[in-house]
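Trainee: sequence-free structure coming up:
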Ligand SMILES: C[S@@+](CC[C@H](N)C(=O)[O-])C[C@H]1O[C@@H](n2cnc3c(N)ncnc32)[C@H](O)[C@@H]1O
């Protein structure tokens, strides 16, 4: 499958940055969000692990599968139909991908098929987040909506990765960019507001503990375990 031109350029910037990309990256404001430190990260890796949607990145310890055969991708395939035998992978990462696929239920069942019994699946999806196409953007998920995809798998952890201040800041910056007509001005708005507003992101350290945080959460996560026992070689 041929990736759209804007994605090719985005992946190239990530994987093979030129000096101008490096300069831009050095000046880039910090992300307007902080990660929830209570999100578990240490579920065991096996001999075979799968990272879905890591185009433009090298992901050590994983087979990197994406729609497009761009640098960093080991297997180019549509994750609705994974080209692997069943019960192979100990751990599967699917971070910010489900909003971009036509049929998330079918894709998660396909991931479950290739997971080893006792293996772990990490799903991360946006709830309140601006439209972003990779190469399409079909939907958003609430934590309960994400859990509907678990099927027979056991939910071992769930929560918010990024909180309500992240939501407020990403929308404020996007809104400001909408108000200016020229691309260069949008870049300036991104730069200036990004640097001015990013310290507010630390409010989420407290706000993510509030029961009301879920009304405006930015990204939620779920860790699922495939029932049964076993390890890949
Ligand atoms: C928002 S990006 C994910 C970012 C990634 N988690 C990271 O940290 O760099 C979504 C990725 O999913 C890929 N993707 C979208 N639909 C897909 C599908 N049906 N099968 C496999 N990959 C897909 C896109 O090409 C894109 O690289």
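Mentor: That came through fine. Owing to the predicted nature of the structure, the values given are computational and were not obtained by experimental measurement.
Trainee: Remind me what the helix or strand hosting residue 165 packs against, helices and strands.
Mentor: Assigned by DSSP states H and E, residue 165 belongs to helix 164-179. In terms of contacts (3 or more C-beta pairs under 8 Å, 6 or more residues apart in numbering; DSSP states H and E), helix 164-179 is packed against helix 183-197, helix 204-207. Every residue, glycine included, has its C-beta placed from N, CA and C.
Trainee: Any buried residues in the longest strand anywhere in the chain, and which?
Mentor: Assignment by DSSP state E gives strand 115-126 as the longest strand of the chain. For strand 115-126, a neighbour-count test (16 or more other C-beta atoms under 10 Å) marks 115-116, 118-126 as buried.
Trainee: any chance of these in TSV, with pLDDT and distance to the ligand too?
Mentor: Listed next are the buried residues of strand 115-126 as TSV, based on pLDDT from 0 to 100; distance: C-beta to the nearest ligand atom, whole Å:
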residue	pLDDT	distance to the ligand
115	98	16
116	98	20
118	97	24
119	98	19
120	98	16
121	98	14
122	98	10
123	98	11
124	98	8
125	98	10
126	98	9
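Trainee: What count of nearby residues applies to the residue in the chain that the ligand sits nearest to?
Mentor: Nearest residue of the chain to the ligand, counting by C-beta to the nearest ligand atom: residue 53, 2.9 Å away. A total of 21 residues lie near residue 53 under the criterion other C-beta atoms under 10 Å.
Trainee: returning to that earlier point: deepest in the core, which of the helices and strands packed on helix 164-179 is it.
Mentor: Sort the helices and strands packed on helix 164-179 by mean neighbour count, taking mean count of other C-beta atoms under 10 Å, and helix 204-207 sits at the top with a mean of 17.
Trainee: Please name every helix or strand in contact with it.
Mentor: Checked by 3+ C-beta pairs under 8 Å, 6+ apart, helix 204-207 has helix 164-179 packed alongside it.
Trainee: give me that answer again for 10 Å
Mentor: Using 3 or more C-beta pairs under 10 Å, 6 or more residues apart in numbering; DSSP states H and E, the elements in contact with helix 204-207 are strand 154-162, helix 164-179.
Trainee: could these be laid out in a markdown table, adding distance to the ligand?
Mentor: Shown next, in a markdown table, are those (distance: least, C-beta to the nearest ligand atom, whole Å):
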| stretch | distance to the ligand |
| --- | --- |
| strand 154-162 | 12 |
| helix 164-179 | 14 |
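Trainee: Mean neighbour count and mean pLDDT added to these, as CSV?
Mentor: Listed next are the helices and strands packed on helix 204-207 as CSV, based on neighbours: other C-beta atoms under 10 Å; pLDDT from 0 to 100:
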stretch, mean neighbour count, mean pLDDT
strand 154-162, 18, 97
helix 164-179, 18, 97
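Trainee: To residue 226, which of those lies closest?
Mentor: Proximity to residue 226 (C-beta to C-beta) singles out strand 154-162 among these, at 8.0 Å.
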